[in-house]
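>>> Give me a 3D structure for the following:
(one chain, ligands or ions: 2)
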Amino acid sequence: MSNQQLDELRGQLEEVNLQLLNLINKRGELVKDIGQIKEKQGMNRFDPVRERVMFDQITEKNDGPFEDSTITHLFKEIFKAGLELQEDDHRKALLVSRKKKPEDTIVDIKGDRIGDGNPHFVMGPCAVESYEQVSQVAEAVKKQGIKLLRGGAFKPRTSPYDFQGLGLEGLKILKEAADEHDLAVVSEIVNPADIEKAVDYLDVIQIGARNMQNFELLKAAGSVNKPVLLKRGLSATISEFINAAEYIISRGNENIILCERGIRTYEKATRNTLDISAVPILKQETHLPVLVDVTHSTGRRDLLLPTAKAALAVGADGVMAEVHPDPAVALSDSAQQMDIPTFENFMAELKKQ
Ligand code: PEP
Ligand code: MN
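Residues are numbered from 1 along each chain as shown. Ligands and ions are numbered 1, 2, ... in the order given. Below is the predicted model:
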């Protein structure tokens, strides 16, 4: 076959491609129109009987060279794409999505504007143990120019025999220490019934990994006028995480900060596996600020600094980590909390970036 013939056939093929393109899009327009009528009439978009009729019509007219099964397969893809087109039209974009709101949400906590493009830090002990303990950490946190002090008062522990936290008393201690240094309080709430009394003592409600799909808690946190720091569930997909945030925003509270804290995998070298790629994905898909908790994701003091660097490099709005005056005697997470000199060095190294 001469080159000229080949060129001519290729030219024809390109022509057919364009015709197919036109026809597929023309079909798409028809499918959309049909979808709108079906929606108005409350009819199901997918109709298997109708699809069967169309397949029969098509294969009956099929003179090859493609086999009926191949033609059916190709048309099935076209039908599916049509259905998706109807669904995209129908499905409302999530309130947390960038589709819904292209600009970044900035969560303002006592003047600390998370999501403003600068790195922010949430630092403090795993659990509130005493006033002296929190107060020492608060002073160190303040010295670093950090605004957000964390500390668990209601602790979700794996074993019921482990330290469960000081409860409301712990929140009061945390607030007292925070107030002395003009810091804002971030603390976890595990029971929807505690929110009402806790809001007086905290500036950010943390919803922990174990409660990411506690829908009643999400709804309750969505109904108050307090920023929420939502942590990713231990085995939650990104889509589940985003939907959990949607529960909060759908109740009217849009001050939500997402926090990647590692997920459970087969890997044993770290406590969890930090899913660093979740950060840019969450930033792309949602308009919410995203933090990375380097303490619970790695569970290793030697990995706090490199993972914090990675988090900021990949676009996180900030980092959470645990600091304790004497980690060796901490009532929880003693292996991974930083003592104060280590914390100061951690911040100095991060500032060099
Ligand atoms: C915490 O931040 O105190 C905590 C318990 O973390 P997580 O919910 O991510 O395990
Ligand atoms: Mn902890």
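>>> in the stretch 251-353 of the chain, what residue is nearest ligand 2?
In the stretch 251-353 of the chain, the residue that lies nearest ligand 2 is residue 333 (3.6 Å; CB to the ion). Any C-beta I mention is one placed from the backbone N, CA and C, and that applies to glycine too.
>>> Quick one: residues contacting the nearest residue to that residue once chain neighbours are set aside.
Nearest non-adjacent residue to residue 333, counting by CB to CB, 6 or more residues apart in numbering: residue 126, 4.0 Å away. Contacts for residue 126 (CB atoms under 8 Å, 6 or more residues apart in numbering) come out as 151, 152, 155, 295, 322, 324, 330, 331, 332, 333, 337.
>>> which of the residues you listed sit farthest apart?
295 and 331 (15.0 Å; CB to CB).
>>> Give me the mean pLDDT for stretch 158-166.
Averaging pLDDT along stretch 158-166 gives 95.
>>> thinking again about what came up before, residue 295 and residue 331 - which one has more neighbours?
Neighbour tally, residue 295 and residue 331, criterion other CB atoms under 10 Å: the higher count belongs to residue 295, 28 against 21.
>>> Read off the pLDDT value for that one.
Model confidence at residue 295, expressed as pLDDT, equals 98.
>>> and the residue of this structure nearest ligand 2?
Residue nearest to ligand 2 within the chain: residue 126 (3.2 Å; CB to the ion).
>>> for the protein, what are the low-confidence residue spans?
For the chain, the stretches with pLDDT under 70 are 1, 88-91.
>>> redo that, cut-off 80
Counting by pLDDT under 80, the chain shows low-confidence ranges at 1, 87-92, 353.
>>> Where do the strands of it begin and end?
Listed in chain order, the strands of the chain (DSSP state E) span 107-109, 112-114, 120-124, 148-150, 184-188, 204-207, 228-231, 256-260, 290-293, 318-322.
>>> thinking again about what came up before, so the residue of the stretch 251-353 of the chain closest to ligand 2 touches residue 323, yeah?
No. The criterion here is CB atoms under 8 Å, and residue 333 misses it with residue 323 at 10.9 Å.
>>> Who has more neighbours out of these two?
residue 323 (29 against 19).
>>> Who are the contact partners of the more buried one?
123, 124, 125, 137, 140, 141, 337, 338, 339, 340, 343.
>>> Bridge partners for it, pull those for me.
On the basis of DSSP bridges, residue 323 is bridged to residue 338.
>>> on that earlier part again, and the residue of the chain closest to ligand 2, how far from residue 290?
Per CB to CB, to the nearest Å, residue 126 is found 21 Å from residue 290.
>>> tell me the contacts of residue 54?
75, 79 are the contacts of residue 54 under CB under 8 Å, 6+ apart.
>>> same thing with residue 128?
Contacts here follow CB under 8 Å, 6+ apart; on that basis residue 128 touches 134, 151, 152, 153, 165, 166, 170, 171, 173, 174, 187.
>>> can you rerun that using 7 Å?
134, 151, 152, 153, 165, 166, 170, 173, 174 (CB atoms under 7 Å, 6 or more residues apart in numbering).
>>> wait, isn't residue 113 in contact with residue 104?
No. Residue 113 is beyond contact range of residue 104, at 10.3 Å (criterion: CB atoms under 7 Å).
>>> Phi and psi next, for the residue in the stretch 101-250 of the chain that ligand 1 sits nearest to.
In the stretch 101-250 of the chain, the residue found nearest to ligand 1 is residue 208; the distance is 3.0 Å by CB to the nearest ligand atom. Reported as degrees, to the nearest 10, the phi and psi values for residue 208 are phi -80, psi 170.
>>> so which of the strands of the chain comes closest to residue 58?
Closest approach to residue 58 among the strands of the chain (CB to CB): strand 256-260, 46.5 Å.
>>> Run the chain-centre distance for the closest one.
Centroid separation between strand 256-260 and its chain, computed with CA atoms, centre = their mean, to the nearest Å, is 6 Å.
>>> Next, count neighbours for residue 350.
Residue 350 is flanked by 18 other residues according to other CB under 10 Å.
>>> Correction: the previous question concerned residue 300.
15.
>>> Ligand 1 contacts on the protein?
Contact residues, the chain versus ligand 1 (CB under 6 Å from any ligand atom): 126, 152, 156, 188, 208, 209, 210, 231, 261, 293, 296.
>>> one more time with 8 Å, if that's ok
Counting by CB under 8 Å from any ligand atom, the chain comes close to ligand 1 at 126-127, 150, 152, 155-156, 188, 206, 208-211, 231-232, 234, 259, 261-262, 293, 295-296, 320, 322, 333.
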